[in-house]
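**Student:** no sequence on this one, just coordinates:
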């Protein structure tokens, strides 16, 4: 389903892993002809490399594999490494912020997928949305939730598709109890800090990404 072109605006997704953010936002991008999708996970994978000859500061002590790239041999880091945590995790959001502003100026509907719960809790999402570079554009926060069992099963299945996903979510899918602890204590599915920001709540339980994207589209077409 293709809808009319929308004026430039910023759409940001938040929620726990497995809540259906990426699938929904990809469908939303297909619906809106002038939309552009900025995926944290895609940028993460692109930034998780370091040229072998640049390791003079001893950044690599974790057995990360060496891959051949168009730019020569590089270490490739998984999401559980210290290099990823210290040099990639937040830099990704800074990269997306710059690309988002450039595309807003080009008349695009910019979809940012996504922010983790802890970044809602510490105020980073609120500060990201309220950057001066974005204040002249409509801004929409979409927060995703899901039935806990369904979210767990989604992650289990996704981990089978890629070493990246298996490494990133290994601790969360170690057991149903581990996922419950993640979704209720470590990163509660609906943190109290969410109420500080105007948002739309999307429950993806039992729904297809296309259905959920339709709900998001209805929301972002309304002038805030």
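**Tutor:** Okay, I see it. Given the structure is predicted, the values throughout are model-derived calculations rather than measurements.

**Student:** what's the single longest helix in this protein?
**Tutor:** Scanning the chain for the helix with the most residues, using DSSP state H, yields helix 91-105.

**Student:** moving C-terminal of it, what's the next helix or strand?
**Tutor:** Next along the chain after helix 91-105, taking DSSP states H and E as the criterion, comes strand 109-115.

**Student:** which residue is the nearest non-sequential neighbour of residue 84?
**Tutor:** residue 77 (4.9 Å; CB to CB, 6 or more residues apart in numbering). Where C-beta positions appear, they are placed from N, C-alpha and C, glycine not excepted.

**Student:** ok, residues contacting the longest helix of the chain?
**Tutor:** By CB atoms under 8 Å, 6 or more residues apart in numbering, the list of residues contacting helix 91-105 from outside reads 8-10, 36, 38, 40, 43-44, 47, 110, 112, 115, 119, 124, 128, 131, 133-134, 137.

**Student:** what sits against the residue nearest the centre of the chain?
**Tutor:** Closest to where the C-alpha atoms of the chain average out (CA atoms, centre = their mean) is residue 114, at 2.3 Å. Taking CB under 8 Å, 6+ apart, we find residue 114 in contact with 12, 13, 14, 15, 21, 22, 25, 40.

**Student:** repeat that for 6 Å
**Tutor:** By CB atoms under 6 Å, 6 or more residues apart in numbering, the residues touching residue 114 are 13, 21, 40.

**Student:** ok, those vs residue 173, which is closest?
**Tutor:** Residue 173 has its nearest neighbour among the contacts of residue 114 in residue 21, at 17.1 Å by CB to CB.

**Student:** dump the residue contacts of the closest one.
**Tutor:** Counting by CB under 6 Å, 6+ apart, residue 21 makes contact with 13, 15, 113, 114, 144.
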